[in-house]
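> Everything below, folded, please.
(one chain, ligands or ions: 1)
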Amino acid sequence: MPYNELADFVTLMGGKPYRARQIAEWIFQRGECQFARMTNLSRQFRESLDQQASITCIQEKKRQVSVDGTIKFLFALPDGMEVESVLITEGKRRTLCVSTQVGCKLACAFCLTGASGFTRNLNAAEIVDQVIRARQLSPDGRVTNLVLMGMGEPLDNLDNVIQAIKVIIDQEYQLVGARKITVSTAGLAPGIERLGLELPKVKLAVSLNAGDDITRERIMPITKKYPLAALAKKLEVYPLPQGRRITLEYVILKGVNDSKKDAEALSRFAKKFPSKINLIPFNQTAGIPFARPTKEDVGRFKEWLVEKNHTVMIRDSKGADIMAACGQLAVEGGTDS
Ligand code: SF4
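Numbers count the residues shown, from 1 in each chain. The predicted model follows:
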């Protein structure tokens, strides 16, 4: 719960207001999972907390470290289900990619999570706790940036995602600032509007991957329900703060979405609102029927977009050797082996 609710709860239990700050420090800074160990609270108060509240704690089950320093955590949720979070180091930045669902309903053709189907939504506490645990387990104890683009579609679990982000950005908890958080969606158009209204400072990224409906439908079935025109309509009115742009993520699949015609379609779409484009060369993954583009393919595609005056970055995914890169997260997909 956000800090003001925690403070109200503590008052309701007869505790002094400063107790809320102590509890917040135990949970959010020290990662404590048991009231009984909060030794600066009276025994009686700890016991009543235990009777009336619980702390959701996820457990680290496995950790893999990539040659590039990327760390992939496998976390067990309280009911034994599992999700993955990935911590990426780039200079001083420590970006944590968190999961919002066990599996995913959207079945994007290039994604292992989609291939494993959908099991359940994560609740807000399970999303927040990925940040607390990863920070504890991070080599230098830091998580500076957050992206919600691990397993699952955040806007398909919007109530919990909004609640989690409100807790994460709560100044009393000192986890991650709103401007350092990116929510990435595969294009669930209705959720985009609500996200913008409730969390205007959070950054928005759209996993686009094709600028025309026919190609996009082939790789992202959600396009059938929300075609690109419907998606663009929501993005055109998204309440962007001054100077901000929407990031369009584009996974390049060799021979599927990497032609000049594809670049032109992407350009037409991207010109409808302030945007920047991230190109991500697909990571060859067993069981996924797409091929990685060559460096030349990627360079050419970028040039076509630059000629049309777009801001374009090539983002080669980190952690590919430990299956931690974009689209490679799946608990039942061989990533454990
Ligand atoms: S890419 Fe994202 S939205 Fe698509 S199936 Fe994978 S997890 Fe779901």
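
> all strands for the stretch 151-300 of the chain, in order.
181-185, 203-207, 246-252, 275-281 (DSSP state E, counting those that start in this stretch).

> Can I get those strands in JSON lines including distance to residue 104?
The way it works is simple: take the backbone N, C-alpha and C, and place the C-beta from them, glycine included. Listed next are these as JSON lines, based on distance: least, CB to CB, whole Å:
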{"stretch": "strand 181-185", "distance to residue 104": "12"}
{"stretch": "strand 203-207", "distance to residue 104": "12"}
{"stretch": "strand 246-252", "distance to residue 104": "15"}
{"stretch": "strand 275-281", "distance to residue 104": "18"}
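
> any chance of these in JSON lines, with mean pLDDT, mean neighbour count and distance to residue 120 too?
Converted to JSON lines, these look like this (pLDDT from 0 to 100; neighbours: other CB atoms under 10 Å; distance: least, CB to CB, whole Å):
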{"stretch": "strand 181-185", "mean pLDDT": "97", "mean neighbour count": "22", "distance to residue 120": "19"}
{"stretch": "strand 203-207", "mean pLDDT": "96", "mean neighbour count": "22", "distance to residue 120": "22"}
{"stretch": "strand 246-252", "mean pLDDT": "96", "mean neighbour count": "22", "distance to residue 120": "25"}
{"stretch": "strand 275-281", "mean pLDDT": "96", "mean neighbour count": "20", "distance to residue 120": "28"}
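
> of all the ones you listed, which lies closest to the ligand?
The ligand lies closest, by CB to the nearest ligand atom, to one member of the strands of the stretch 151-300 of the chain: strand 203-207, at 5.9 Å.

> Compute the inter-axis angle for that closest one and strand 246-252.
Strand 203-207 runs at 30 degrees relative to strand 246-252, counting by axes from the mean of the first three to the mean of the last three CA atoms, to 10 degrees.

> Spit out the contact partners of residue 78.
Listed by CB atoms under 8 Å, 6 or more residues apart in numbering, the contact set of residue 78 reads 56, 57, 58, 126.

> Buried ones only from the residues you listed, please, as a ChimeraX command.
A single ChimeraX command selects the buried members of these (16 or more other CB atoms under 10 Å):
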select :56,57,58,126
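
> Bridged to the residue nearest the centre of the chain, which residues?
Geometric centre of the chain, nearest residue: residue 148, 1.2 Å, by CA atoms, centre = their mean. Beta bridges link residue 148 to residue 183, judged by DSSP bridges.

> Can you verify my assumption that it contacts residue 101?
No. Residue 148 is beyond contact range of residue 101, at 10.5 Å (criterion: CB atoms under 8 Å).

> circling back to that earlier point, got TSV for the contacts of residue 78, with pLDDT and secondary structure too?
Output for these, formatted as TSV (pLDDT from 0 to 100; DSSP: H, G, I helix; E, B strand; the rest coil):
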residue	pLDDT	secondary structure
56	95	coil
57	96	coil
58	98	coil
126	98	helix
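
> got the residues of the stretch 101-250 of the chain near the ligand?
104, 106, 107, 108, 111, 113, 114, 151, 152, 153, 186, 207 (CB under 6 Å from any ligand atom).

> quick check, the fourth one in a strand?
No. Residue 108 sits outside any strand when classified using DSSP: H, G, I helix; E, B strand; the rest coil, being coil.

> Measure how buried it is and give me the count.
Look at residue 108: counted by other CB atoms under 10 Å, it has 22 neighbours.

> and what of the first one?
Around residue 104 there are 27 other residues, counting by other CB under 10 Å.

> What residues sit buried inside the helix or strand encompassing residue 11?
Assigned by DSSP states H and E, residue 11 belongs to helix 3-12. Within helix 3-12, the residues scored as buried using 16+ other CB under 10 Å are 3, 6, 7, 9, 10.

> Could you do stretch 57-65 as well?
In stretch 57-65, counting by 16+ other CB under 10 Å, buried: 57, 58, 64.

> who touches the first one in this structure?
Just to be clear, that refers to residue 57. Applying CB under 8 Å, 6+ apart, the residues contacting residue 57 are 33, 78, 129, 133.

> which of these are buried?
Buried among those by 16+ other CB under 10 Å: 33, 129, 133.

> picking up where we left off before, mean confidence score for the helix holding residue 11?
Averaged across helix 3-12, the pLDDT comes to 96.

> Give the next helix or strand downstream of it.
helix 17-24.

> What are the contacting residues of the next helix or strand after that following helix?
Downstream of helix 17-24, the next assigned helix or strand under DSSP H and E is helix 43-52. Applying CB under 8 Å, 6+ apart, the contact partners of helix 43-52 are 13, 15, 19, 23, 35, 36, 38, 41.

> Let's see that with 7 Å instead.
For helix 43-52, the surrounding residues in contact (CB atoms under 7 Å, 6 or more residues apart in numbering) are 13, 15, 19, 35, 36, 38.

> Repeat that for stretch 301-317.
252, 258, 260, 263, 266-267, 270, 276-281, 283, 298, 325-326.

> same deal with stretch 253-261?
Identification of contacts with stretch 253-261 by CB under 7 Å, 6+ apart yields 110, 209-210, 215, 219, 252, 282, 290-293, 297, 301, 304.
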